[in-house]
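Colleague: turn this into a structure:
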Amino acid sequence: MDHKQFGTHPESPDRLNSILTRLEDEELIEDVLIPEPAEREILEKTHTPRYLDMLKSSYGQYIDGGDTYLDEDTYEIAKLAAGGALVGIKKALSGERTLALLRPPGHHAGKDYGGGFCYLNNAAIAANQVNAGRVAIIDLDAHHGNGTSDIFYSDPNVLYISAHHHGIYPGTGEAVAVGQGPGEGYNINIPLKTGRGDSTLDLAWTEIMKPILNQYQPKTIIVSFGTDGHYADKLTGLTYSSQCYIRMAERITALSKELCKGSVSYMLEGGYHLECLSEIAAGIVASESGKEVSLEYTKVSDTEQKGREEILETKATLKKYWGLS
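Modeller: Numbers count the residues shown, from 1 in each chain. Purely as a prediction, here's the structure:
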């Protein structure tokens with residue numbers, strides 16, 4: 001809650017306040033875990049010492065144009081968010097599903113750079129703590145997770161899957177960017193055009209995500225969970241509904257039970273429409289316990305697989321590496 005950018009910046013403490021208020025109203029606050037800051041030794045498995053030193057000492061400036069400010073306490077708070085990711089992955093590896101409400105977010109942070117409101121890559125730090133097993137990271141944020149992609153671009157032990165709005169920040173995530181060296185084929189990008197929504201994401205799950213996950217057989221699944229692809233969230237041009245996000249979470253959780261004994265951890269990334277963010281988070285928590293919450297933002301504008309062409313093009317690129325019928 002202490003992490004603040006400037007003015008009316010969308011990545012504000014209001015995001016967590018909205019989620020916590022909704023969880024309390026729905027009586028869904030239970031089994032709360034409190035993290036400790038991630039230790040430097042753990043951070044250096046993901047980020048370079050030079051970059052960590054910069055975060056620690058170079059406060060009072062922007063590290064990515066004009067939207068990612070480095071204050072004197074930013075590094076310590078980012079370490080706490082990373083610590084939350086570590087708690088999440090630890091519990092997931094013991095078969096418990098977790099939702100880590102992390103600020104600041106992380107998926108735009110690479111080994112030696114930050115940006116896009118991100119300083120430390122929470123999901124990558126968690127993935128690098130998994131020993132002797134494959135990790136799948138599913139990125140549902142509407143922006144491509146360039147940092148996560150870069151960190152694991154040559155690593156076959158981490159499968160990165162991102163479905164994102166093509167052509168917006170950070171401008172990466174082409175379908176042909178499949179990884180390199182031993183990691184070739186393990187970097188899965190599903191770029192989508194403006195206006196793509198529920199039925200397109202459903203198709204991406206059926207045609208690409210699920211069959212690849214089944215073949216990869218991960219030890220655990222990390223979900224970089226952003227809701228900024230919602231139709232009410234104006235930071236991007238995708239049109240997902242609240243129930244689309246909840247449905248995706250239910251699918252991922254169900255598949256995790258088949259593949260890795262239910263080992264899955266959801267880690268908050270973006271999402272800036274407070275009501276949508278909070279009702280989706282509440283819906284995911286409720287679905288884990290067989291409950292339901294009322295949803296307000298349920299309009300579905302993509303019922304006819306508007307992005308079918310993008311999905312088929314991506315699928316054709318990936319057939320070289322995976323059995324996609």
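Colleague: can you pull out the helices in the stretch 51-200 of the chain?
Modeller: For the stretch 51-200 of the chain, applying DSSP state H, counting those that start in this stretch gives helices covering 74-93, 122-127, 146-151, 198-204.
Colleague: out of the ones you listed, which is the most enclosed?
Modeller: Comparing the helices of the stretch 51-200 of the chain on average neighbours per residue, with mean count of other CB atoms under 10 Å, the densest one is helix 122-127 at a mean of 31. (Each C-beta comes from the backbone N, C-alpha and C, glycine too.)
Colleague: ok so, going back, could I get the helices of the stretch 51-200 of the chain as TSV with distance to Val285 and mean pLDDT?
Modeller: Shown next, in TSV, are those (distance: least, CB to CB, whole Å; pLDDT from 0 to 100):
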stretch	distance to Val285	mean pLDDT
helix 74-93	14	97
helix 122-127	19	98
helix 146-151	24	98
helix 198-204	21	98
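Colleague: where's the residue most central in space within the chain, which helix or strand?
Modeller: Note on the chain: the residue nearest the mean C-alpha position is Ser224, at 1.4 Å, using CA atoms, centre = their mean. Assessed by DSSP states H and E, Ser224 sits inside strand 220-225.
Colleague: that strand pairs with which strands, and in what direction?
Modeller: Next to strand 220-225 in the sheet, as set by DSSP bridges, lie strand 135-139 (parallel), strand 264-268 (parallel).
Colleague: now do the first one, average pLDDT.
Modeller: Right, strand 135-139. Computed over strand 135-139, the mean pLDDT rounds to 98.
Colleague: keeping just the C-alphas, turn stretch 137-156 into PDB.
Modeller: Below are the C-alpha coordinates for stretch 137-156, written out as PDB (Å, rounded to 0.1, in the frame of the first residue of the first chain):
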ATOM      1  CA  ILE A 137       4.100 -19.300 -16.800                       C
ATOM      2  CA  ILE A 138       0.800 -18.300 -18.300                       C
ATOM      3  CA  ASP A 139       0.600 -14.500 -18.800                       C
ATOM      4  CA  LEU A 140      -3.000 -13.200 -19.100                       C
ATOM      5  CA  ASP A 141      -2.100  -9.500 -18.800                       C
ATOM      6  CA  ALA A 142      -3.000  -7.700 -22.000                       C
ATOM      7  CA  HIS A 143       0.500  -6.400 -22.300                       C
ATOM      8  CA  HIS A 144       3.300  -8.700 -23.400                       C
ATOM      9  CA  GLY A 145       5.500  -9.700 -20.600                       C
ATOM     10  CA  ASN A 146       8.700  -8.800 -22.300                       C
ATOM     11  CA  GLY A 147      10.800  -9.100 -19.100                       C
ATOM     12  CA  THR A 148       9.600 -12.700 -18.400                       C
ATOM     13  CA  SER A 149      10.000 -13.600 -22.100                       C
ATOM     14  CA  ASP A 150      13.600 -12.300 -22.100                       C
ATOM     15  CA  ILE A 151      14.600 -13.900 -18.900                       C
ATOM     16  CA  PHE A 152      13.600 -17.400 -20.000                       C
ATOM     17  CA  TYR A 153      14.200 -17.000 -23.800                       C
ATOM     18  CA  SER A 154      16.900 -19.700 -23.900                       C
ATOM     19  CA  ASP A 155      15.500 -21.900 -21.100                       C
ATOM     20  CA  PRO A 156      13.500 -25.000 -21.800                       C
END
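Colleague: hmm, Ile138 is touching Met209, no?
Modeller: Yes. With contact defined as CB atoms under 8 Å, Ile138 counts as touching Met209 (6.9 Å).
Colleague: the more surrounded of the two?
Modeller: Just comparing Ile138 and Met209: by other CB atoms under 10 Å the higher neighbour count belongs to Ile138, 26 against 22.
Colleague: report the angle between the strand holding Ser224 and helix 74-93.
Modeller: For strand 220-225 against helix 74-93, the angle by axes from the mean of the first three to the mean of the last three CA atoms, to 10 degrees is 140 degrees.
Colleague: sheet partners, orientation included, of the lengthiest strand in the chain?
Modeller: Longest strand of the chain, by residue count under DSSP state E: strand 158-165. In the sheet, strand 158-165 lines up against strand 135-139 (parallel), strand 187-192 (parallel) (DSSP bridges).
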